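[1] Based on what follows, work out the 3D shape:
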Amino acid sequence: MKAGRVVILLAGRRAGKKAVIVKHFDEGKKGKSFPHALVAGVERNPKKVTKRMSDKKVNRRSKVNAFVKIVNYNHILPTRFTVTGEFAGKEGSELKNIVTEEKLSNKETRLALKKQVRQVFTERYLTPDSSKEKQPAVDFFFKKLRF
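    I've put the predicted structure just below:
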């Protein structure tokens, strides 16, 4: 599995949630000998908004809650969508530059990391890019999974 692939988590607290692979470890590492991936995903999807809603209500319903996690390959389901580089708004704000394993190890840096990822996701959700062919993948990523 490559970085940028949209996956669905199958087990644990975030089962059924969508995420993007930021970094993959096919052979495992010293502490984790199994294949796994570092993913960033959407904990709570934005809700539907209409024209009649006030700006305050639109802002409240457009919020995105994010998470960052290391997941075993057995617990993720890859989809046909990829979003490589789609979350890069300004220079250096690409997910692979923001999300690292070192930031996950400490509690304070983990909270700051989640805030950064949430900011990137919210910025991308509020400013859709209709000219690109990758927009359907981003739309799929932010929609609630129906099954």
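
[2] Can you list phi and psi of the residue sitting furthest away from the middle of the chain for me?
    In the chain, the residue that sits farthest from the middle, by C-alpha atoms, centre = their mean, is R52; the gap is 29.4 Å. Phi and psi for R52, reported as degrees, to the nearest 10, are phi -70, psi -20.

[3] residue boundaries of the strands in this protein?
    For the chain, strands defined by DSSP state E occupy the ranges 5-9, 18-25, 36-44, 65-72, 76-82.

[4] what angle do the last one and strand 18-25 make?
    Just to be clear, that refers to strand 76-82. Interaxial angle, strand 76-82 versus strand 18-25 (axes from the mean of the first three to the mean of the last three C-alpha atoms, to 10 degrees): 100 degrees.

[5] Quick one: list the elements packing against strand 76-82.
    For strand 76-82, the packing partners by 3 or more C-beta pairs under 8 Å, 6 or more residues apart in numbering; DSSP states H and E come out as strand 5-9, helix 135-142. The C-beta positions use only the backbone N, C-alpha and C, and glycine is treated the same way.

[6] Pairing partners for the first one, with directions?
    Its sheet considered, strand 5-9 pairs with strand 18-25 (antiparallel), strand 76-82 (antiparallel) by DSSP bridges.

[7] buried stuff in stretch 97-110?
    Residues I98, V99, K103, L104 are the ones in stretch 97-110 that count as buried (16 or more other C-beta atoms under 10 Å).

[8] again, but for stretch 23-32
    So for stretch 23-32, counting by 16+ other C-beta under 10 Å, buried means K23, H24.

[9] who touches that stretch?
    Stretch 23-32 is contacted from outside by M1, K2, A3, F34, P35, H36, A37, L38, I70, K96, V99, E101, using C-beta atoms under 8 Å, 6 or more residues apart in numbering.

[10] before we move on, back to that, out of the strands paired with strand 5-9, nearest to F141?
    strand 18-25 (5.6 Å; C-beta to C-beta).
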